[in-house]
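K.L.:
model this:
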Amino acid sequence: MVEVETVAIFRDLLRKNKFYSNKVIVEEQISNNPRIKKLLQNASKSGPGSGRPEFIIQHKELDDFLIVVECKDDIKKHESKNRDKFKDYAVDGALLYSQYLSKEYDVLSIAISGNKKNLLRKSFFLQLKGEEYTDFELKDLVQIEDLIELYLKSNEKKKTQHENILKFSIHLNTFLHKNKIQETKRALLFSGILVALKNRPFSISYKKHKNPKSLTNALLAAIYEEFSQSDVFENYKDVIKNNYAFIKTHKTLTTSKDFLITMISEIDKSINKFNKSIEYHDLLGEFYIEFLKYANSDKSLGIVLTPPHITELFCEIAEINKDSIIFDNCCGTAGFLISSMKKILKDVKSDREILKIKNNNFIGVEYMDDIFTLSASNMILHGDGKSRMYNENCFDENLINKVKKLKPNIGFLNPPYKADKDDTEELEFILNNLEVLQKGATCVSIIPVSCVNEFSGNNLALKEIIQKKHTVLGVMSVPQDLFHNSKTNVVTCLLVIKAHEPHPDNFKTYLGYWREDLFEKRKNLGRIDIGSWAKVRKNWLDSYRNTKNTDGIVKMKDIKNIGINGFGLRRVVKPNEEWCIENYLETDYTDFDISEFEKTLKSYMGYKLIND
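P.N.:
Reported below is the predicted structural model:
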């Protein structure tokens with residue numbers, strides 16, 4: 001039975017929200033799409049037969065996304081207790097259709113009941129391909145582009161997209177290896193293709209080139225044209241050109257047109273398809289950075305990539321906003337700057353203000369020229385051509401004075417970790433970052449826990465300088481295998497400092513035990529969020545902001561789920577003391593397990609072998 005009145009009301013809602021356009025296919029009851037027809041052929045609500053939803057909606061630029069709508073005139077027939085009366089209730093019917101369609105599509109199912117515009121009940125659910133359905137946080141229908149953006153931003157979609165990109169990156173890495181593209185060149189080639197695909201003439205014509213030389217010339221021309229709109233290119237033209245020059249001479253690229261076309265096509269399909277009609281910075285940024293670590297040997301690049309959930313955590317700790325000017329003096333591939341952009345632009349609507357923020361609020365320094373090229377291309381990919389990116393030594397006095405004039409008020413960094421006795425100390429990089437920040441600014445860093453626990457030698461002297469000039473707000477012990485994806489075993493902590501305000505004698509620093517983020521290790525994918533991170537992050541931040549003064553030693557056996565809940569203490573810390581919370585926790589050895597001791601000892605031996 002067709003629910004005539006409700007269908008008419010919903011049809012008006014579709015018109016109001018611009019669903020009837022040349023980009024959207026709106027069908028009622030029966031679809032002309034053979035794929036959809038086949039999935040619904042056994043989806044009848046009353047038994048054998050084909051399913052006939054009130055509406056089936058597709059966006060032409062999203063091949064794997066459907067909206068399915070079920071209507072009921074009777075408002076009392078919105079949802080049954082067990083959601084299993086498919087013929088009689090709107091929610092039940094919508095979820096039945098979603099169950100069938102989600103075998104091949106991501107499905108947003110909408111249930112609507114009632115025959116009066118001001119007395120309607122609406123429910124929204126999202127069921128990703130091969131997954132169970134979840135509630136979709138929407139109270140009413142919105143414009144089609146906004147609806148798609150909400151779908152792409154949903155935690156469920158980001159999680160599956162993230163996993164898909166990781167899988168694609170493994171495939172692409174193997175493809176590049178077989179075709180003799182060196183590890184040090186893979187990320188550059190990947191970033192160059194992404195930049196070139198922003199160039200519309202190249203993106204629509206690259207398949208038409210008749211020989212590989214013509215294609216490589218066109219690829220380089222498109223890269224340089226996109227870079228030419230950036231101040232970075234004007235300042236570091238030779239550096240950028242030198243790093244992409246191999247495209248013109250590499251044997252595989254210059255002799256196999258099919259290889260390059262295949263690679264460009266796969267990147268366009270797997271990475272760029274959500275960026276063609278929707279400006280979506282955070283998703284592309286996170287996946288781009290995630291891809292880099294699999295498309296390269298981290299050691300050959302000399303970098304360890306900070307996991308995206310930690311770069312985003314930095315933004316929450318520092319409470320950045322649209323007035324924040326972010327400085328990273330060891331910016332690597334610009335992960336902190338991209339996460340900052342995501343956070344700051346989240347609630348900014350004006351195009352003019354967005355452009356102003358992109359052009360002025362992000363400052364990055366990277367010494368290694370190939371990594372600098374990656375960071376510059378990353379910022380360009382996110383619509384930022386005017387940001388202050390420098391391929392310089394962060395300790396250079398001229399650069400320090402130049403950055404000071406830009407008045408940064410937030411500092412983020414993951415400095416190079418010391419591997420040799422003559423290497424620069426991590427705390428020196430932190431002091432370098434603090435030097436250019438405004439008074440009262442917040443600096444957040446992630447460093448080996450040994451830096452804050454030493455109470456002799458260089459690090460003691462550096463800790464004394466930090467407390468003499470600045471205030472140590474917090475030190476948080478984070479998961480021991482945080483850098484598992486980068487194949488690095490170093491145990492780290494977060495260090496939060498307020499710039500240019502000397503540490504008061506009786507100030508109590510927050511010491512956090514943030515050892516468990518509930519990420520899971522998956523074969524080939526590394527550590528991934530299984531859906532608990534949002535809750536863990538909230539608990540950690542609540543602990544940091546709300547923990548009161550603490551005295552004495554705390555017994556670990558008295559603390560339940562210590563890492564997940566974000567347990568913390570507030571204690572007076574001196575330079576000649578350990579600055580991590582473990583120094584103030586008493587371990588209970590009554591349940592001591594020798595196997596755990598052996599596991600820890602082996603882990604430590606492995607760490608020493610790798611890092612020494």
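
K.L.:
now name the helix or strand holding Glu501.
P.N.:
In the assignment (DSSP states H and E), Glu501 maps to no helix and no strand.

K.L.:
all strands for the stretch 51-200 of the chain, in order.
P.N.:
For the stretch 51-200 of the chain, the strands identified by DSSP state E, counting those that start in this stretch occupy 55-59, 65-72, 106-113, 121-127, 133-135, in order along the chain.

K.L.:
can you give me the strands in the stretch 301-450 of the chain?
P.N.:
With strands called from DSSP E, counting those that start in this stretch, the stretch 301-450 of the chain shows them at 326-328, 362-365, 388-390, 410-413, 442-448.

K.L.:
pull the residues that contact the longest one.
P.N.:
It refers to strand 442-448. Applying Cβ atoms under 8 Å, 6 or more residues apart in numbering, the set of residues contacting strand 442-448 from outside is 306, 310, 314, 317-319, 409-415, 417-418, 426-427, 429-430, 433-434, 437, 470, 473, 478, 490-499. C-beta here means a position set from N, CA and C on the backbone, and glycine is covered the same way.

K.L.:
do stretch 220-236 as well
P.N.:
192, 195-196, 198-199, 201-202, 240-241, 244, 247-248, 372, 376-377, 379-380, 385-387, 389, 391.

K.L.:
circling back to that earlier point, let's have the strands of the stretch 301-450 of the chain in a markdown table, adding mean neighbour count and distance to Trp514.
P.N.:
Output for those, formatted as a markdown table (neighbours: other Cβ atoms under 10 Å; distance: least, Cβ to Cβ, whole Å):
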| stretch | mean neighbour count | distance to Trp514 |
| --- | --- | --- |
| strand 326-328 | 28 | 22 |
| strand 362-365 | 26 | 26 |
| strand 388-390 | 23 | 31 |
| strand 410-413 | 28 | 17 |
| strand 442-448 | 23 | 11 |
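
K.L.:
closest to Ile30 out of these?
P.N.:
Across the strands of the stretch 301-450 of the chain, Ile30 has its closest neighbour in strand 362-365 (50.7 Å, Cβ to Cβ).

K.L.:
nearest residue to Tyr89 in space, please, no chain neighbours.
P.N.:
Residue nearest to Tyr89 in three dimensions, not counting chain neighbours: Ser80, with 4.7 Å by Cβ to Cβ, 6 or more residues apart in numbering.

K.L.:
for Lys76, same thing?
P.N.:
Closest residue to Lys76 apart from its sequence neighbours, by Cβ to Cβ, 6+ apart: Ser113 at 7.9 Å.

K.L.:
among the contacts of stretch 220-236, name the ones in helices.
P.N.:
Using DSSP state H, the members of the contacts of stretch 220-236 that fall within helices are 192, 195-196, 201-202, 240-241, 244, 247-248, 372, 376-377, 379-380.

K.L.:
pull the most distant pair out of those residues.
P.N.:
Pro201 and Phe372 (27.0 Å).

K.L.:
the more surrounded of the two?
P.N.:
The residue with the greater number of neighbours, taking Pro201 and Phe372 and applying other Cβ atoms under 10 Å, is Phe372; the counts read 26 against 11.

K.L.:
that one against Val239, yeah?
P.N.:
Yes - in this structure, Phe372 is within contact of Val239 by Cβ atoms under 8 Å, at 6.7 Å.

K.L.:
now, the contacts of strand 442-448 that are in helices?
P.N.:
Ile310, Phe314, Ile317, Ala318, Glu426, Leu427, Phe429, Ile430, Asn433, Leu434.

K.L.:
count of residues packed around the third one?
P.N.:
Under the neighbour criterion other Cβ under 10 Å, Ile317 is assigned a count of 19.

K.L.:
which residues does the residue lying closest to it once chain neighbours are set aside bridge with?
P.N.:
Closest residue to Ile317 in three dimensions, ignoring its sequence neighbours and counting by Cβ to Cβ, 6+ apart: Val444, at 5.5 Å. With beta bridges defined as DSSP bridges, Val444 has these partners: Phe412, Val496.

K.L.:
just the buried residues out of the contacts of stretch 220-236, in ChimeraX syntax.
P.N.:
A single ChimeraX command is used to select the members of these judged buried by 16 or more other Cβ atoms under 10 Å:
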select :192,195,196,198,199,202,240,244,247,372,376,377,379,380,385,386,387,389,391
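
K.L.:
lowest-confidence helix or strand of this structure?
P.N.:
In the chain, the helix or strand scored least confidently by mean pLDDT, DSSP states H and E is helix 298-301, which has a mean of 42.

K.L.:
returning to what we had before: can you put the ones in helices among the contacts of strand 442-448 in TSV and add pLDDT and distance to Ile594?
P.N.:
Putting the ones in helices among the contacts of strand 442-448 into TSV (pLDDT from 0 to 100; distance: Cβ to Cβ, whole Å) gives the following:
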residue	pLDDT	distance to Ile594
Ile310	94	33
Phe314	98	38
Ile317	98	38
Ala318	98	43
Glu426	95	34
Leu427	97	37
Phe429	98	40
Ile430	98	39
Asn433	98	43
Leu434	98	45
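
K.L.:
now the buried members of the residues you listed.
P.N.:
Those of the ones in helices among the contacts of strand 442-448 that meet the buried threshold are Ile310, Phe314, Ile317, Ala318, Glu426, Leu427, Phe429, Ile430, Asn433, Leu434, by 16+ other Cβ under 10 Å.

K.L.:
distance check, the last one against Leu108.
P.N.:
As for Leu434, its distance to Leu108 is 47 Å (criterion: Cβ to Cβ, to the nearest Å).

K.L.:
coming back round to it: what touches both of Phe372 and Val239?
P.N.:
Contact with both Phe372 and Val239 is made by residues Asn391, according to Cβ under 8 Å, 6+ apart.

K.L.:
re the thing from before, measure how buried the residue nearest to Lys76 is and give me the count.
P.N.:
24.

K.L.:
am I right that it is in contact with Val69?
P.N.:
No - counting by Cβ under 8 Å, Val69 is not a contact partner of Ser113; they are 11.5 Å apart.

K.L.:
contacting residues for Asp323?
P.N.:
Shown here is Asp323, whose contacts under the criterion Cβ under 8 Å, 6+ apart are Asn409.
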